[in-house]
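K.L.:
Need the 3D shape of this:
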Amino acid sequence: MYVLIGYLLIANAVSLYLMGHDKAQARKRGRRVPERTLFLWALIGGSIGAVAGMRIWRHKTKHPSFVIGMPAIVVAQLLLIVWLFRP
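P.N.:
Alright, predicted model coming up:
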């Protein structure tokens, strides 16, 4: 259980960092993080960090795929956790 919690903390920290890094790169017209990478990190457990990054840096908030997709991933992952750990 501790390994799972540690994994999720790391995945969310990476997702949060990637959102902030991509926003910084967008501002200075640098090399961007591919959207596919942002979604991949969200899918493998970093969805809460990705949504937090969207809110903190107001990043990708005009993209319907992110505005709908990221919260949908969070909900799907929470439902999966509830289903897996039900009594």
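K.L.:
all contacts plus neighbour counts: C-alpha atoms, from now on.
P.N.:
OK.
K.L.:
Could you measure from the residue nearest the centre of the chain over to residue 1?
P.N.:
Computing the C-alpha centroid of the chain and ranking residues by CA atoms, centre = their mean puts residue 50 first, at 2.4 Å. Note on residue 50: its distance to residue 1, by CA to CA, to the nearest Å, is 23 Å.
K.L.:
that older thread, secondary structure element for the residue nearest to the centre of the chain?
P.N.:
helix 47-57 (DSSP states H and E).
K.L.:
to the chain's geometric centre, what's the distance from that helix?
P.N.:
Taking the mean of its C-alpha atoms, helix 47-57 sits 6 Å from the chain's own mean (CA atoms, centre = their mean, to the nearest Å).
K.L.:
Repeat that for stretch 60-72.
P.N.:
On CA atoms, centre = their mean, the centre of stretch 60-72 falls 11 Å from the chain's centre.
K.L.:
ok, and what's touching it?
P.N.:
39, 42, 47, 50-51, 54-55 (CA atoms under 8 Å, 6 or more residues apart in numbering).
K.L.:
can we see that at 10 Å?
P.N.:
19, 22-23, 35, 38-39, 42-43, 46-51, 53-55, 59, 73, 75-78 (CA atoms under 10 Å, 6 or more residues apart in numbering).
K.L.:
repeat for stretch 33-40
P.N.:
Contacts for stretch 33-40 (CA under 10 Å, 6+ apart): 14-16, 18-19, 21-23, 25-26, 42-43, 46-47, 50, 60, 65-66, 69-70, 73.
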